[in-house]
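Student: How does the following fold in three dimensions:
(2 chains, ligands or ions: 3)
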Amino acid sequence: MNDFITLATSGAHIPLLPIVWFAIIGIELALYILLDGGNLGIGILSLLPQKEDNRSLMLHVVGPIWDANETWLLVAAGSLFGAFPAVYAIGLNALFVPAIVIAVGIILRAGSFAFFEFSEMKSLWTKVFGVGSLLVAIGHGLLFGGLLSGIKIVDGHFGGGAFDFLTPFTLLFTIGLFFAYVVLGYSALIGKIDYALQVETFPRILGASVVTFLALLTATFVLPNMSYIFMTAWTAAPTSYLLYLIAGAIFMTSVILGYNAIAKKNPEQMHFFAMLIFVLGYAGMVVGLFPYIVPPAVTIFDVASPDSTLKFMLYGIGPILPIVFAYNWYLHKVFGSNFAHNKEGEGY
Amino acid sequence: MDLVLMLSRIQFGATAAFHIIFPMMSIGLALYLFVMECMWLKTGKQEYYQQLRFWLKIFTLSFAIGVASGIPMAFQFGMSWAAFSNAAGSFFGNIIGFETTIAFTLETASLGIMIFGWKYVSRTVHLIANGLTFFAATLSAFWIIAANSWMQIPEGTHMDLVTGKIIVDNYWQAIFNSGTMTSYLHTLLAAVTATLFLVAGVSAWAILRENKTREKVQFFINSIKYAIVVALIAAPVQVIFGDILGVIVAKHQPAKFAAMELHYDTNAQGQGAPWSLFALPNKDNNGTSFAWPSIPNALSIVTTKTMTGEVKGLNDFATNEKPTAIESALTYYSSRIMILIGFAMVAIALVALYYWRRGKLEVDTIENHKGFLRFFVWMIPLGFIAVEMGWMAREIGRQPYMIYHNLTIAQSLSSNLNAGIIIFLIVAIVAIYIALFSLLVHFIRRITEKGPDFNATI
Ligand code: HDD
Ligand code: HEM
Ligand code: HEM
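Tutor: Residues are numbered from 1 along each chain as shown, chains lettered A, B, ... in the order given. Ligands and ions are numbered 1, 2, ... in the order given. The predicted structure is shown next:
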């Protein structure tokens, strides 16, 4: 494999393998946020007042897939640990508190699924499921928000305090991500159960979308004022063009989605459009970040593992990933909508 | 010692000690389930199908808690041991990456089908999912043991003194280092034996309950018998692998080995090193204040397979290359308890076989052997205690190193940690774990009380 690509203009060498791994981890993480984000949204929704039956149905829909979805977090984390160890190390060192929030949330959620099935106090476990999902969603916001806000590094170690991650940007980002998950959750449910029939559903989706949009938009403007590197990176070509393109696409998709929501049309497509906006927003984030991985100072080239490791990992993981995609797709197919509609004798 | 370092060690030790219970259960039960499903499809007998359905419920519980407790484990490498993760990530992180991508993804997907797929996939697909679940569980154990084993015996890599990073020279050697395969097999056997004692104990408990039918008693007697058959093979093999593992430790981590034996003075030439069952280090940590019963030459025999082979004592290691007095004592007692349990398991399996052969384990006779059943109920935690003890010996005995002879734990710690937050985390995690564990016990009791559903159709 050719380890370098040569820039036509300058003739400078850019190492290829770190970029490959940045892309792989980016995809793994995107899959995680997309798949588990919907599950988390469903969990948050279960906390809203409604019939207990609905809640049980929500657990039933998420039950067979949440674990496989969540595993993408571990896959992304494992790849990050191997390919960019310093990011895993310094990142989690600095984001100790958000990591705890996520871990506790995941524990509650896993516990709720396990015990719900065998318990007579079903409503207790649907609540634990909701609270767990809520914590994970907030934890994500704090973790990624904290990372984007920048981490203070002194002599190659984390040099800041335990609560440095709490910036205005982080708060906005957390709110935005939280409501984005809610939208994803709604749209995932609409395809599966008769949630669409409820009167309050559409206004709620609309409300959540608007909050997401405003929070993330504000966050996007706050960020460059916090770390100067974004200001320069975002205004330079080709990054700036890409960002405009993505912003335009997000706008168009939002308009379509908004129209459908108001006109109560095509609920099946809703999930697709919501996911599309999510992916576009995520892509914008990745493009805006590249080549930085721990702003404001560390690029992927600074912290990548030696090429020997990146290659070995690529040989080990590269061929496996398509297979993993395949059986995850199979899993989602088996437990798609017909599973959701069949409430009898589902297992155990 | 630095407070934050001590707290971080307690935090890691506590979470690891809790987590390991569930992978052990999952591996053991996955094997049990796979065998049952194969037997069912081969013979078509309902009996195996019911075994499969019943123990699958318990498996589901243990798996979920394994996941719940595994996530904090993975995060902790970065949270608490950032300097280690940064230095060793190019190998260690790579292996963890293999574990998550290759093993966990397979395990969670196939398990989803195994639990929920009864009505949605064919029997063959279900069997494949069952087999893959077992395979993936052993695979994930392989990668994690390889990673841990490399920390114990870091072959195939070197520490770059300029950058302070681990550089891999030979992947094969690093992954299959001198300890990996023996540790791995010893661990798999531990999973199987520990789980079989759990299966037998839970079944014995079910038979002791008041509300039961003949059918139900027969079902649980069968479970006990399956467990006994496999334990009769696994338990002795386990002892043999433990012995081989001990010799490997003596060769590659002699200071740990000396601590496991509380062996202070290297035996003089021509004299055998003794072996003891109870001992305490003295205040100066240069000898034992008492050791009983001191069996002459036994340590030399076990370690070198000769009467008077040399076994290096703790006094011959520099203070900063061996565990402290307390750590040595912990290492010693945990390995003693594990070894005792190892032999006890062999003995118990033999006694059970005797009962079985004498026709005492039948639906009509079992009522007269309540003592036997009660004994098995008490033995439920036995294997898991051995597992905890084995890991304590392994992890505490390697102190003060994180990566043997390459990096100490003091050098591995994250920077700017906050003791208050760690204490909060420990308290919260321990509380949550106690709750999870109590709930698990509660639900296992409830599921067992209800017993298998004999009317279940496929
Ligand atoms: C059911 C559980 C169980 C049983 C009955 C035994 N072991 Fe064990 N042992 C383990 C479960 C275990 C373990 C938890 O799985 C360990 C911890 C790390 C490892 O690889 O296996 C372990 C580690 C371990 C080590 C430490 C390896 C190291 O530090 O690198 C030694 C020397 C032995 N064992 C030796 C024995 C002997 C001589 C036994 C019997 C007489 C024995 N074990 C029974
Ligand atoms: C699951 C079974 C395990 C148990 C019960 C266990 C137990 C422990 C204990 C008791 C400690 C604290 C030792 C001390 O401070 O003196 C510890 C430390 C540690 N273990 Fe394990 N361990 C297990 C598996 C592993 C594995 C598989 C790995 C790596 C892949 C690992 C990596 C570590 C690390 C990084 C530390 C912290 C540094 C140290 O104290 O040396 N452990 N473990
Ligand atoms: C001490 C270091 C360890 C870490 C960081 C760790 C990490 C994890 C994580 C993150 C999970 C959840 C995976 C999921 O979502 O399915 C998990 C589960 C699991 N771990 Fe560990 N683990 C450790 C120790 C061990 C050991 C020593 C073993 C093997 C004997 C092991 C075997 C497993 C297995 C088989 C599972 C699957 C879940 C289950 O079967 O309960 N782990 N572990």
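
Student: which parts of the strand or helix carrying A:Ser254 are buried?
Tutor: A:Ser254 belongs to helix A:239-263 when assigned by DSSP states H and E. Neighbour counts over helix A:239-263 (16 or more other CB atoms under 10 Å in any protein chain shown) mark A:Thr239, A:Leu242, A:Leu243, A:Ile246, A:Ala249, A:Ile250, A:Thr253, A:Ser254, A:Leu257, A:Gly258, A:Asn260, A:Ala261 as buried. All C-beta spots, glycine's among them, are computed from the backbone N, C-alpha and C.

Student: So is the strand or helix carrying B:Glu37 next to chain A?
Tutor: B:Glu37 is located in helix B:3-43, with elements delineated by DSSP H and E. No - with CB under 8 Å from any CB of the partner chain as the criterion, chain A is not reached by helix B:3-43; the gap is at least 9.5 Å.

Student: Next, count neighbours for B:Thr163.
Tutor: Around B:Thr163 there are 11 other residues, counting by other CB atoms under 10 Å in any protein chain shown.

Student: contacting residues for whichever residue of the stretch 51-200 of chain A sits closest to chain B?
Tutor: Here the stretch 51-200 of chain A gets closest to chain B at one residue, A:Pro85, 2.1 Å apart by CB to the nearest CB. Going by CB atoms under 8 Å, 6 or more residues apart in numbering or on different chains, A:Pro85 touches A:Val303, A:Ser305, B:Ser85, B:Asn86, B:Ala87, B:Ala88, B:Gly89, B:Ser90, B:Gly93.

Student: one more time with 6 Å
Tutor: Going by CB atoms under 6 Å, 6 or more residues apart in numbering or on different chains, A:Pro85 touches B:Ser85, B:Asn86, B:Gly89, B:Gly93.

Student: in chain A, what spans have low per-residue confidence?
Tutor: For chain A, the stretches with pLDDT under 70 are A:1-14, A:191-201, A:224-233, A:235-237, A:264-268, A:296, A:336-348.

Student: residues from it in reach of ligand 3?
Tutor: Contact residues (CB under 6 Å from any ligand atom) of chain A with ligand 3: A:Asp67, A:Thr71, A:Leu74.

Student: Which single one of the residues you listed is nearest to ligand 1?
Tutor: Ligand 1 lies nearest to A:Leu74 out of the residues of chain A next to ligand 3, by CB to the nearest ligand atom, at 22.5 Å.

Student: for B:Thr124, what are its contacts?
Tutor: With CB under 6 Å, 6+ apart, B:Thr124 has no contacts at all.

Student: so where does it fall, helix or strand?
Tutor: Applying DSSP H and E, one finds B:Thr124 within helix B:123-152.

Student: What are the contacting residues of the following helix or strand past that helix?
Tutor: Using DSSP H and E, the next helix or strand after helix B:123-152 towards the C-terminus is strand B:157-160. Residues outside strand B:157-160 that contact it (CB under 6 Å, 6+ apart) are B:Phe91, B:Ile166, B:Ile167, B:Val168, B:Ala174, B:Asn406.

Student: at 8 Å instead, please
Tutor: B:Ala87, B:Phe91, B:Trp150, B:Lys165, B:Ile166, B:Ile167, B:Val168, B:Asp169, B:Ala174, B:Ile403, B:Asn406, B:Leu407.

Student: do the same with stretch B:421-428
Tutor: So stretch B:421-428 is in contact with A:Phe96, A:Val97, A:Ile100, A:Val104, A:Ala162, B:Val4, B:Leu7, B:Ser8, B:Ile10, B:Gln11, B:Ala14, B:Ser80, going by CB under 8 Å, 6+ apart.

Student: ok, now with 6 Å
Tutor: A:Ile100, A:Ala162, B:Leu7, B:Gln11.

Student: where along the chain do the strands fall?
Tutor: You didn't pick a chain, so chain A it is. For chain A, the strands defined by DSSP state E occupy A:4-6, A:13-15, A:153-154, A:157-158, A:292-294, A:298-299.

Student: should've been chain B
Tutor: Under DSSP E, chain B gives strands at B:157-160, B:165-168, B:278-281, B:288-292, B:401-403, B:407-408.

Student: Looking at those strands, which is nearest to ligand 2?
Tutor: strand B:401-403 (5.2 Å).

Student: State the paired neighbours of that closest one in the sheet, together with their directions.
Tutor: In the sheet, strand B:401-403 lines up against strand B:407-408 (antiparallel) (DSSP bridges).

Student: In chain B, where is pLDDT below threshold?
Tutor: Those would be B:1, B:456-458, if you go by pLDDT under 70 across chain B.

Student: Get me the contact residues on it for ligand 3.
Tutor: B:16, B:19-20, B:22-23, B:26-27, B:63, B:66-67, B:70-71, B:73-74, B:104, B:107-108, B:137, B:140-141, B:144, B:187.

Student: Mind doing that once more with 5 Å?
Tutor: B:16, B:22-23, B:26, B:63, B:66-67, B:70-71, B:73-74, B:104, B:137, B:140-141, B:144 (CB under 5 Å from any ligand atom).

Student: Now the buried members of the contacts of strand B:157-160.
Tutor: For the contacts of strand B:157-160, buried by 16+ other CB under 10 Å: B:Ala87, B:Phe91, B:Trp150, B:Lys165, B:Ile166, B:Val168, B:Ala174, B:Ile403, B:Asn406, B:Leu407.

Student: Just list the residues touching the first one, thanks.
Tutor: Contacts for B:Ala87 (CB under 6 Å, 6+ apart) come out as B:Gly164, B:Lys165, B:Ile166.
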